[in-house]
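Novice: generate coordinates for the sequence data below:
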Amino acid sequence: MVSISLRSRSVRLAAPASIALIGLVATSCGGGGGGGSKSLPSISGAGATFPAAAYQRWGGDFASETGNKMNYQSVGSGAGVRQFLAGSVDFGATDEQLSEEDFKKGAAGERGAVQIPMLGGTVTPAYNNPDCPDLKLTQAQLADIFLGKITNWKQLGCPDRPLTVAHRSDGSGTTYVFTNSLSCFSKEWEEKVGKGKAVQWPVGVGGKGNEGVAGLISNTPGSLGYLNQAYVQGLIKPAKLQNKAGNFVLATGESGAAALNGIKLDERLGGEECNPAGADSFPIAAFTWILAYQSGQGKEKAEAVRTFLTWALQEGPQATAAELGYVPIKGEVLERAKAEIAKIKE
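Specialist: Have a look, this model is predicted:
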């Protein structure tokens, strides 16, 4: 077990697994703070580890306003979608958009479902090698590392040292985003491995959740893996990655926003781009979504879910998420997200 600091809040990392039970509360459905709040039932959600750091911070901030509670389990997008489709949670969280087939399955098909972008973020190559302080990777090199073709840091222009690959062991939207990009970067990767929430990794050791991979990298000098930008702290350093325009860029709020601006969302607010254009764009960027039922939860539960989601999309909570390394939802995407929340009924 290790601990990394996400600016003003720490997150505990464990290589085998990490479940964050987060006490959130809900205000009245006007979504804002302070007065006029009322008691609402507890709600529970589960899913992506990618946004877990932001959801944890939001929980602490939101909890100061009322005593209404919600538990969020950071179990990975794959598990979160399964629980949502099974109807065992009040909302799910995923980094991979639902397919049209998924919208027709289980509880989603029976009760209706909305898919709400809550944040944007980047998935960055991240490493632990103090002998290589300014690592720059081409897209082909990144794919070759995970194909097992690059096994020593000297192949990347760094001092001689074995390279250990770290990857996710669980089904995850973060893995989908990353492997989707690798499939764009490398024809060999696309043909041999492909994209998905879980893939047959050619090499490497696995950790559960972003927390688990961060724990592996922190504890393994000479390792390289992939993480949500928010988990790159302490001994873990981000690599500069060459984008579509040929520039080497770090994952930042600015480079992530430049990439997300180029992603067009469909009528269900799903959308992805495996190698976004733009001189300043970071080449691996994506939205992360919350999945909620349109009906079947009762009036008060529906109000509790609507209230929290409306609050979370306000400028203050989004700015707090930006401090943690995420990209805020803005403009047309924000307005469309609010319209989806309004579809959540009893």
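
Novice: the lengthiest strand in the chain: how far from the chain's middle?
Specialist: Using DSSP state E to define each element, the chain has its longest strand at strand 113-128. Centroid separation between strand 113-128 and its chain, computed with Cα atoms, centre = their mean, to the nearest Å, is 3 Å.

Novice: and the next helix or strand after that strand, what does it pack against?
Specialist: Heading C-terminal from strand 113-128, the first helix or strand you meet, by DSSP states H and E, is strand 136-137. On a contact count with 3 or more Cβ pairs under 8 Å, 6 or more residues apart in numbering; DSSP states H and E, strand 136-137 meets strand 240-242. The C-beta positions use only the backbone N, C-alpha and C, and glycine is treated the same way.

Novice: parallel or antiparallel, list what pairs with the strand it packs on.
Specialist: If you go by DSSP bridges, strand 240-242 pairs up with strand 136-137 (parallel), strand 248-249 (antiparallel).

Novice: put the alpha carbons of the longest strand of the chain into PDB.
Specialist: Below are the C-alpha coordinates for strand 113-128, written out as PDB (Å, rounded to 0.1, in the frame of the first residue of the first chain):
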ATOM      1  CA  ALA A 113     -30.800   5.200 -19.600                       C
ATOM      2  CA  VAL A 114     -28.900   8.500 -20.000                       C
ATOM      3  CA  GLN A 115     -25.200   8.900 -20.600                       C
ATOM      4  CA  ILE A 116     -23.800  12.100 -19.100                       C
ATOM      5  CA  PRO A 117     -20.300  13.400 -19.700                       C
ATOM      6  CA  MET A 118     -19.000  14.600 -16.300                       C
ATOM      7  CA  LEU A 119     -15.400  15.300 -17.000                       C
ATOM      8  CA  GLY A 120     -12.700  15.000 -19.700                       C
ATOM      9  CA  GLY A 121      -9.200  13.600 -19.100                       C
ATOM     10  CA  THR A 122      -6.100  12.300 -20.600                       C
ATOM     11  CA  VAL A 123      -4.400   8.900 -20.500                       C
ATOM     12  CA  THR A 124      -0.700   9.400 -20.400                       C
ATOM     13  CA  PRO A 125       2.300   7.200 -20.600                       C
ATOM     14  CA  ALA A 126       3.800   7.400 -17.100                       C
ATOM     15  CA  TYR A 127       7.100   6.000 -15.800                       C
ATOM     16  CA  ASN A 128       9.500   5.700 -12.900                       C
END
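
Novice: out of the strands paired with strand 240-242, which is closest to residue 241?
Specialist: strand 136-137 (5.4 Å; Cβ to Cβ).

Novice: could you pull out the strands for the chain?
Specialist: Here the chain has its strands, by DSSP E, at 2-6, 9-13, 43-47, 70-74, 91-94, 113-128, 136-137, 164-168, 205-207, 223-228, 237-238, 240-242, 248-249, 285-293.

Novice: summarise which helices and strands the fifth one is packed against.
Specialist: Looking back up the chat, that one is strand 91-94. On a contact count with 3+ Cβ pairs under 8 Å, 6+ apart, strand 91-94 meets strand 43-47, helix 77-86, strand 285-293.

Novice: which residues touch that strand?
Specialist: If you take Cβ atoms under 8 Å, 6 or more residues apart in numbering as the criterion, strand 91-94 is touched by 43, 45-48, 51, 55, 72, 77, 80-81, 83-85, 118, 173, 288-293, 305.

Novice: in PDB, could you pull the C-alpha coordinates for stretch 255-264?
Specialist: Extracted in PDB, the C-alpha atoms of stretch 255-264 (Å, rounded to 0.1, in the frame of the first residue of the first chain):
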ATOM      1  CA  SER A 255      -3.600  20.000 -24.100                       C
ATOM      2  CA  GLY A 256      -6.500  17.800 -23.000                       C
ATOM      3  CA  ALA A 257      -9.000  20.600 -23.700                       C
ATOM      4  CA  ALA A 258      -7.500  21.100 -27.200                       C
ATOM      5  CA  ALA A 259      -8.000  17.400 -27.900                       C
ATOM      6  CA  LEU A 260     -11.500  17.200 -26.500                       C
ATOM      7  CA  ASN A 261     -12.700  20.200 -28.500                       C
ATOM      8  CA  GLY A 262     -12.200  18.000 -31.600                       C
ATOM      9  CA  ILE A 263     -14.400  15.200 -30.400                       C
ATOM     10  CA  LYS A 264     -17.900  15.300 -31.800                       C
END
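
Novice: any low-confidence regions in the stretch 51-200 of the chain?
Specialist: For the stretch 51-200 of the chain, residues meeting the criterion pLDDT under 70 lie at 66.

Novice: what's near enough to touch the residue nearest to the spatial centre of the chain?
Specialist: Nearest to the mean C-alpha position of the chain, by Cα atoms, centre = their mean, lies residue 50 at 2.6 Å. Contacts for residue 50 (Cβ under 8 Å, 6+ apart) come out as 77, 95, 121, 123, 172-174, 210, 228, 288.
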